[in-house]
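Peer 1: Pasted the sequence and its predicted model underneath.
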Amino acid sequence: MAKGLARSIYRLSVHVHDVAQRLDQNVASVSVAAGGDIHTLGRQLQHVVHSVEEVAQRLQQHQREIIHTQQLSAMGQLAASVAHEVRNPLAGMKGALEMLRGDLEVKPQNLEIVHELLAQITRLENLVRDLLTFARPSTISVQEFELHEMLDRLLRSERDTAEAAGITVERTYGPGTATIYGDPQKIEQVFSNLLQNALQAM
């Protein structure tokens, strides 16, 4: 009986060793030795089970990452679709309001409403732009540019919004130029968001 049990333990140990080698070749690093007694076999089995659990956890994490990536892709497609649908009507409304603002017969109180509507449309346009930026892959284009020139351009673009709200913008730059290295479009987006948030908050 003892010899028969020993042979059975040895056969099981060989099978465990074979499974461990297969795991080692494919998905995990497992090291066990064939032979030994029942206690050694138990330790080897426990080691293999632990390795299989680690592999299963990694596969589950990988699956969650794939699902998350698919969800982000779907959200990006939806964002792009919504942005394209909204952008054209906004452009039409903005053009009509620009024409009204240039009409000398518009009453002052109505002109103030036109300014406010234009400001809100600009805000919506920026939201649409953010949606489109989210929807398409982001690339970085680093180059040298002058920060003060960028800020001046942004201030000019928001001048009407500030004046309509009775806000006075004061520039206080340090002496000399402010040449920096970075992605001009992305840095301009940062300062544009900061400026618009400040105007809306005031």
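Peer 2: Cool, got the structure. Numbering: from 1, shown residues only.
Peer 1: what helices or strands is the strand or helix carrying E163 leaning on?
Peer 2: Using DSSP states H and E, E163 maps to helix 159-164. Helix 159-164 sits against helix 108-135, with contacts defined as 3 or more C-beta pairs under 8 Å, 6 or more residues apart in numbering; DSSP states H and E. Bear in mind the C-beta positions are built from the backbone N, C-alpha and C, glycine included.
Peer 1: What strands flank whichever helix or strand comes after the helix it packs on, and is each parallel or antiparallel?
Peer 2: Later in the chain than helix 108-135, the nearest helix or strand by DSSP H and E is strand 143-146. Paired with strand 143-146 in the same sheet, following DSSP bridges, are strand 179-182 (antiparallel).
Peer 1: Surely T122 and A164 touch.
Peer 2: No. Using C-beta atoms under 8 Å, T122 is not in contact with A164; the gap is 11.0 Å.
Peer 1: returning to that earlier point: can you pull the buried residues of the helix holding E163?
Peer 2: By neighbour count on 16 or more other C-beta atoms under 10 Å, the buried set for helix 159-164 is 161-162, 164.
Peer 1: With adjacent residues omitted, what lies nearest to T168?
Peer 2: The spatially closest residue to T168, leaving aside those adjacent along the chain, is A162, at 7.5 Å (C-beta to C-beta, 6 or more residues apart in numbering).
Peer 1: got the phi/psi numbers for G166?
Peer 2: Backbone torsions for G166, taken as degrees, to the nearest 10, come to phi 70, psi 30.
Peer 1: how many neighbours does it have?
Peer 2: 8 (other C-beta atoms under 10 Å).
Peer 1: Mind checking the pLDDT average for the strand or helix carrying Q70?
Peer 2: Counting by DSSP H and E, the element that carries Q70 is helix 38-101. Confidence for helix 38-101, expressed as mean pLDDT, is 76.
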